[in-house]
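Participant: task: produce atomic coordinates for the following.
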Amino acid sequence: MSIRLSIEELEEYRSVFQGFDRDNNGYVTTDELADVMRALGRHATDEQIRSMIQQVDLNRNGSIEFNEFLALVARNPTDPDYELLSAFKEFDQNGDGFVTADELKRVMHGIGEPLTDREIATMIAETDLDHDGKVNYEEFIRMMNA
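Facilitator: Numbers count the residues shown, from 1 in each chain. Here you go, the predicted structure:
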């Protein structure tokens, strides 16, 4: 599998990887990988996580090194999921994995679609399935596919 990433994308994936490599040992475990996938809006069962590890664990050590992680999370830029992830990243301006009302308002204004605070609040409320006041990646995908 050939993966083409920009320097910026590579640095972003490295940052995500390092953020979940809690013990800084250069790889993520099954538990850490589950957290990574949740952060990316991809909820998976333990069995699915084990299957993912088996698919990309090139050296068969049962954990994921950075290059294996890239094979798992990087997508072809023509893949609709990749495009949605890219769009989500544009809205998630501080990179915390959520789109807040302020971020949504700034992006909409930036693309020439200024919305009132009430319109923003309505959009968030209709999209925010877990009622935490912000939109995660999974909620964002549902909103974009609606």
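Participant: which parts of the chain are helices?
Facilitator: Listed in chain order, the helices of the chain (DSSP state H) span residues 7-20, 30-39, 46-56, 66-73, 80-91, 101-110, 117-127, 137-145.
Participant: got the buried residues for the third one?
Facilitator: To tie it back to what came earlier, the one meant is helix 46-56. Across helix 46-56, burial judged by 16 or more other CB atoms under 10 Å covers I49, M52, I53, V56. Where C-beta positions appear, they are placed from N, C-alpha and C, glycine not excepted.
Participant: which one of the residues you listed sits closest to G112?
Facilitator: Closest to G112 out of those is M52 (39.9 Å), distances taken as CB to CB.
Participant: find me the pLDDT at E12, would you?
Facilitator: Turning to E12, the model gives it a pLDDT of 81.
Participant: count the residues that sit near it.
Facilitator: Applying other CB atoms under 10 Å, we find 14 residues neighbouring E12.
Participant: now render the buried residues of helix 46-56 as a markdown table, adding distance to F140 and pLDDT.
Facilitator: Below are the buried residues of helix 46-56 laid out as a markdown table (distance: CB to CB, whole Å; pLDDT from 0 to 100):
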| residue | distance to F140 | pLDDT |
| --- | --- | --- |
| I49 | 22 | 76 |
| M52 | 22 | 75 |
| I53 | 26 | 76 |
| V56 | 25 | 76 |
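Participant: for these, give me TSV that also has distance to F88.
Facilitator: Listed next are those as TSV, based on distance: CB to CB, whole Å:
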residue	distance to F88
I49	22
M52	21
I53	25
V56	23
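Participant: let me know the closest of these to E139.
Facilitator: I49 (21.7 Å).
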